[in-house]
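Peer 1: predicted coordinates and the sequence they were generated for:
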Amino acid sequence: MGKRLTIGDNDLIKNLNLGIVLDTIRTEGAVSRAGISKLTGLSKSTCSLMVEKLLRSGLIIEKGKDHSSGGRKPVLLQINYEAGRTVGIKFMADRIIAALVDLNGNAVKIIEKPVPFPVDQKEYFASLEDVISNLLDFQQNGVERRKVLGIGIGMSGLIDSEEGVSLQSSILHWDNIPIKRILEARFQIPVYLENDVNTFALGEKWFGFGKEIENFICVTIGKGIGIGIIIDGKLYRGSHHGAGEFGHMKISSDEDAPLCSCGHRGCIEGFASDPAICRYVEQSITEGKESILKGEKAITISKVLNAARKGDTLCLEAFKRAGYYLGYGLSNLINLFDPDTIIIGGEGTAAGEFIFPEMESVIHTTSIYGLDTKVKILPLYYEDNLWVRGAATLVIREIFKIPF
């Protein structure tokens, strides 16, 4: 049996009620005090007390009046999205993307800073601190440093989000880096760390296409491949921080299967990521296949994409092959999770016109019970601000968290 609340838990009850009222205002958009009482079951006097406290904090504002069947029109309440700002950051192997983001998930200022590759940890952190300092010092419309409420960071790999530690990243090649501790000591602001695809999924849940969906999966494709899983409206991390490593799902036991960045063979990422596509084109040219990229010193994903758009047979084949393996992986996800929707994002979606047709064909032929006809596949046009919005959501959800 759970612990019963006692008189000594009065502060907890007040905080709980405060969180419930705040979250109701956030989800409803604009609502009156009486409306909050009706929606939550809290008494009108309790709602009024909680509203006054939130008004004093500046987190909510009075704006406009509701219609009335008689008497005074009730005042509507809504979130003050300018009450503070957050910093959202996406770590990448060759650059850092960061933004100042309001409480409604809108990027106010975005900074992109290239970093040397291969990654040097000391140089990377120097660049990171420079980016954060620039955003904290940025002033627009009265935004001051004291109003920056936290820093949210998304990065690849295995993350201990509670401790804010990068346990292992095969792309950045970092192990056990206490990022939260380092940055909080430097900037004296709360720092939250999470796997980048998980932040992408949180951003979609709070501000994107997942707002009204309880069960969905976000897939990102590009340099790496991963998923963020939302079950019953909440992010699923797994018991050991490892849920979502979709790119390392094995789809081949062939000893000659491509080598993945994780050091194993047969992973989806080894077949369908941007580096895998480039390697396939390079190897095929070496084996004698014709391509307009023959003679290029370095095959990049942008060159492969441009060649495909010019009708290059080999490059078209490379993207189709990636779609084939990605489709098998997504079919497995559909059969395992039966989500309402699969949202596909990441820089790899730039080649969606060549990847998705084969991907969808495989999904339709390998999913069971007709689930492929029920699960919606929603590709997104790639934008950097989706990453930073998701990272900023780590901070925003803490502000609106209901304490239990």
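Peer 2: Yep, it's here.
Peer 1: can you classify Pro235 as helix, strand or coil?
Peer 2: One correction, residue 235 is Leu, not Pro. Secondary structure assignment for Leu235 (DSSP: H, G, I helix; E, B strand; the rest coil): strand.
Peer 1: apologies, that question was intended for Gly203.
Peer 2: helix.
Peer 1: for the nearest residue to it once chain neighbours are set aside, give me its contacts.
Peer 2: Of all residues not flanking Gly203 in the chain, Gly390 sits nearest, at 3.1 Å (C-beta to C-beta, 6 or more residues apart in numbering). (Each C-beta comes from the backbone N, C-alpha and C, glycine too.) Gly390 makes contacts with 88, 154, 196, 199-204, as judged by C-beta atoms under 8 Å, 6 or more residues apart in numbering.
Peer 1: got a pLDDT number for Gly390?
Peer 2: Model confidence at Gly390, expressed as pLDDT, equals 97.
Peer 1: just say helix, strand or coil for it.
Peer 2: helix.
Peer 1: please renumber the chain so that the first residue is 42 from this point on.
Peer 2: In the new numbering, first residue 42, that becomes Gly431.
Peer 1: quick one, domains of this structure?
Peer 2: Per automatic domain parsing, the domain ranges recorded for the chain read 48-120, 126-247+427-440, 252-420.
Peer 1: any chance of the contacts of Gly431 in TSV, plus pLDDT, distance to Asp216 and neighbour count?
Peer 2: Converted to TSV, these look like this (pLDDT from 0 to 100; distance: C-beta to C-beta, whole Å; neighbours: other C-beta atoms under 10 Å):
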residue	pLDDT	distance to Asp216	neighbour count
Gly129	97	24	32
Gly195	97	18	30
Asp237	95	17	28
Thr240	97	21	33
Phe241	97	23	30
Ala242	97	25	31
Leu243	97	25	28
Gly244	97	27	30
Glu245	97	29	26
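Peer 1: got the residues you listed as TSV, with distance to Glu394 columns?
Peer 2: Formatted as TSV, these follow (distance: C-beta to C-beta, whole Å):
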residue	distance to Glu394
Gly129	29
Gly195	27
Asp237	25
Thr240	27
Phe241	22
Ala242	24
Leu243	28
Gly244	24
Glu245	22
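Peer 1: which one of those is nearest Thr390?
Peer 2: In terms of C-beta to C-beta, no member of the contacts of Gly431 lies closer to Thr390 than Phe241, at 12.0 Å.
Peer 1: the closest one reaches Trp428, doesn't it?
Peer 2: Yes: using C-beta atoms under 8 Å, Phe241 makes contact with Trp428 at a distance of 6.5 Å.
Peer 1: in the lengthiest helix in the chain, what's buried?
Peer 2: Longest helix in the chain by number of residues (criterion: DSSP state H): helix 354-378. Within helix 354-378, the residues scored as buried using 16 or more other C-beta atoms under 10 Å are 355-375, 378.
Peer 1: for the residue nearest the centre of the chain, give me its contacts.
Peer 2: Nearest residue to the geometric centre of the chain (C-alpha atoms, centre = their mean): Phe241, 1.1 Å. Listed by C-beta under 8 Å, 6+ apart, the contact partners of Phe241 are 195, 259, 261, 269, 386, 427-428, 431.
Peer 1: just Ile326 next, same as before
Peer 2: 332, 334-335, 340, 355.
Peer 1: I'd like the next helix or strand past the helix or strand hosting it.
Peer 2: Using DSSP states H and E, Ile326 falls within helix 315-327. Next helix or strand after helix 315-327 toward the C-terminus (DSSP H and E): helix 342-350.
Peer 1: which of the contacts of Gly431 sits closest to Ala284?
Peer 2: So of the contacts of Gly431, ranked by how close each gets to Ala284 (C-beta to C-beta), first place is Ala242, at 10.9 Å.
Peer 1: residues of the helix holding Ile326 that come out buried?
Peer 2: 315-323, 325-326.
Peer 1: Serialize those residues to a markdown table and add fields for pLDDT.
Peer 2: As requested, the buried residues of helix 315-327 are exported to a markdown table (pLDDT from 0 to 100):
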| residue | pLDDT |
| --- | --- |
| Asp315 | 96 |
| Pro316 | 95 |
| Ala317 | 97 |
| Ile318 | 98 |
| Cys319 | 97 |
| Arg320 | 96 |
| Tyr321 | 97 |
| Val322 | 98 |
| Glu323 | 97 |
| Ser325 | 97 |
| Ile326 | 97 |
